[in-house]
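Just the structure for this:
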Amino acid sequence: QVQLVESGGGSVQAGDSLRLSCAASRRAFSYYDMGWFRQAPGKEREFVAAISWSGSSTYYAHSVKGRFTISRDNPKNTVYLQMNRLKPEDTAVYYCAAAASGTITTTINPDRYNYWGRGTQVTVSS
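Numbering: from 1, shown residues only. All right, here's what the predicted structure looks like:
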């Protein structure tokens, strides 16, 4: 069992930055690919970014590429999402998730993930 706890959300203005963190409970964290998803009110959960277990591969949704950066610190069992140049359309609850390691491009599929956090709210006003 892996428990994931997100933090770092908040309310910001368009153009601002936020860094989300996701702390994992398990020491085997380094064996998991990690992803960030988000869900806005009335919309389906959508993929944001993912990083391989080693940190050597990353994958981004087109809507955030060039603005968001995913990274991980395996000794600290933590994955991060640095969000720059935020837009109102980035407003959502952001979730981190853990998946057994595999092909990075398949991390776009939420069914790939075994564990999910409870989410952290990000609100961007114009």
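
Every contact and neighbour count from this point should use C-alpha atoms.
Noted.

and T103, how many neighbours does it have?
Number of residues near T103 (other C-alpha atoms under 10 Å) recorded here: 10.

Please report the distance of it from F47.
From T103 over to F47 the distance is 15 Å, taken as C-alpha to C-alpha, to the nearest Å.

Ok, P41 next?
Look at P41 and F47: by C-alpha to C-alpha, they are 15 Å apart.

Equivalent analysis for Y60, please.
From Y60 to F47 the distance is 8 Å (C-alpha to C-alpha).

Between P41 and F47, point out the one with more neighbours.
For P41 versus F47, neighbours defined as other C-alpha under 10 Å are more numerous around F47 (22 against 9).

and the helix or strand containing the more buried one, what other elements does it pack with?
Assessed by DSSP states H and E, F47 sits inside strand 46-51. When contacts are defined as 3 or more C-alpha pairs under 8 Å, 6 or more residues apart in numbering; DSSP states H and E, strand 46-51 packs onto strand 32-39, strand 58-60, strand 68-73.

Pick the most deeply packed of the ones you listed.
Mean neighbour count (mean count of other C-alpha atoms under 10 Å) peaks for strand 32-39 among the helices and strands packed on strand 46-51, with a mean of 25.

Next, the angle from that one to strand 68-73.
With axes from the mean of the first three to the mean of the last three C-alpha atoms, to 10 degrees applied, the angle from strand 32-39 to strand 68-73 works out at 150 degrees.

Figure out how far strand 32-39 is from the centre of its chain.
Centroid displacement of strand 32-39 relative to its chain, using C-alpha atoms, centre = their mean, to the nearest Å, is 4 Å.

what's that strand packed up against?
strand 46-51, strand 92-100.

out of the ones you listed, nearest to T78?
Nearest to T78 among the helices and strands packed on strand 32-39 is strand 92-100; the distance by C-alpha to C-alpha comes to 10.4 Å.
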